[in-house]
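# 3D, please:
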Amino acid sequence: MLGLLPFLLLIALYMAASQARLADNPNDKLLPAMSSFVEAINRMAFEPSKRSGEYLMLADTLASLTRLALGVGISALVALMVGVANGMVPFVRAPLSPLVTAISLIPPMAILPILFIVFGLGELSKVMLIIIGICPIMIRDLQLRTDALPNEQILKAQTLGASSWQTIIAVVIPQILPKLIEAVRLTLGSAWLFLIAAEAIAATEGLGYRIFLIRRYLAMDVILPYVLWISVLAFVMDWLLRKLSVHAFSWYHKTQGDA
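Just a heads-up that it's a prediction; the model follows:
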């Protein structure tokens, strides 16, 4: 109940402000009434578009989630390989670690025009923006986590005859995977930010595209539900990743005291 209280207060505050503005101007678009939200959601989510025949909110959601899944999935895979290699193999860390650090310091939004020039205006440029935005951060995080593993474990594995590759597979990877899920959860908000920015500039469908398309009409009855829907999707994704981590790596969460 205490967790719900701030949200209930925000809703009550919005309703009071909306009622006050609409009392002065019934056509006010800045703070529409709750009934306007219901009509907009019904129109966008449950009625096919007269132009395309699609359910726009569903089409936008599928397009955005596909791009996000590709960007985050590729980033996680690359981060796992490069992060562990940087943390375990000095000959890999020496050339790659400075490069990863330099890339991580570049503002991704600053190179967005370059991505559109190099990769075009299609799906690839949007996915690449997500990858460039979050992958270097994840690599640095996993490199630090790999470096922090107890040296005794590595030495014991090598004493028992394990090669470097076997040590990585049997000792390092199982302990890094739950930390990889944590890294994905921490960068999920940034991934959504880069996705929305890319869709706002060059896209024909997607949640970010729809928000920036209708902003010219000040259609807050559509914009605010879309923003809320993005927040719900992000929350559900974070919750699912958390549950996956607890289910697959219960030993890790027990050591952290949160399971």
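
# Show the contacting residues for the residue lying closest to residue 68 once chain neighbours are set aside.
Using Cβ to Cβ, 6 or more residues apart in numbering and skipping the chain neighbours, the partner closest in space to residue 68 is residue 195 (5.4 Å). Quick note: C-beta positions are derived from backbone N, CA and C, even for glycine. Each residue near residue 195 by Cβ atoms under 8 Å, 6 or more residues apart in numbering is listed here: 64, 67, 68, 71, 126, 129, 130, 206, 208.

# Please identify the helix or strand for residue 195.
Here residue 195, judged by DSSP states H and E, is contained in helix 173-201.

# how far is that helix from where the chain is centred?
Computed by Cα atoms, centre = their mean, to the nearest Å, the chain-centroid distance of helix 173-201 equals 4 Å.

# buried stuff in it?
Across helix 173-201, burial judged by 16 or more other Cβ atoms under 10 Å covers 175-176, 178-185, 187-188, 191-201.

# Show me the longest helix that occurs in the protein.
helix 56-88 (DSSP state H).

# Need the residues that contact the next helix or strand after that helix.
Scanning forward in sequence from helix 56-88 by DSSP H and E, the next helix or strand is helix 90-104. The contact list for helix 90-104, computed with Cβ under 8 Å, 6+ apart, reads 82, 85, 86, 87, 132, 136, 137, 139, 140, 143.

# just the buried members of the residues you listed?
82, 85, 86, 87, 132, 136, 137, 139, 140, 143.

# from those, which two are the most distant?
87 and 132 (21.4 Å; Cβ to Cβ).

# gap between the longest helix of the chain and the chain center?
From the chain centre to the centre of helix 56-88 is a distance of 8 Å (Cα atoms, centre = their mean).

# Output the contacting helices and strands for that helix.
Secondary-structure packing of helix 56-88 (3 or more Cβ pairs under 8 Å, 6 or more residues apart in numbering; DSSP states H and E): helix 34-45, helix 90-104, helix 123-147, helix 173-201, helix 207-214, helix 220-248.

# hmm, 6 Å instead?
With contacts defined as 3 or more Cβ pairs under 6 Å, 6 or more residues apart in numbering; DSSP states H and E, the packing partners of helix 56-88 are helix 34-45, helix 90-104, helix 123-147, helix 173-201, helix 207-214.

# Relative to residue 231, which of those is closest?
helix 173-201 (9.2 Å).

# and the closest one with helix 123-147, angle?
Angle, helix 173-201 to helix 123-147, by axes from the mean of the first three to the mean of the last three Cα atoms, to 10 degrees: 150 degrees.

# and which of the buried ones among the contacts of helix 90-104 is nearest to residue 149?
For these, the nearest to residue 149 is residue 87 (7.9 Å; Cβ to Cβ).

# By neighbour count, which bits of whatever helix or strand residue 255 lives in are buried? Give me those.
In this assignment (DSSP H and E), residue 255 forms part of helix 250-256. By neighbour count on 16+ other Cβ under 10 Å, the buried set for helix 250-256 is residue 252.
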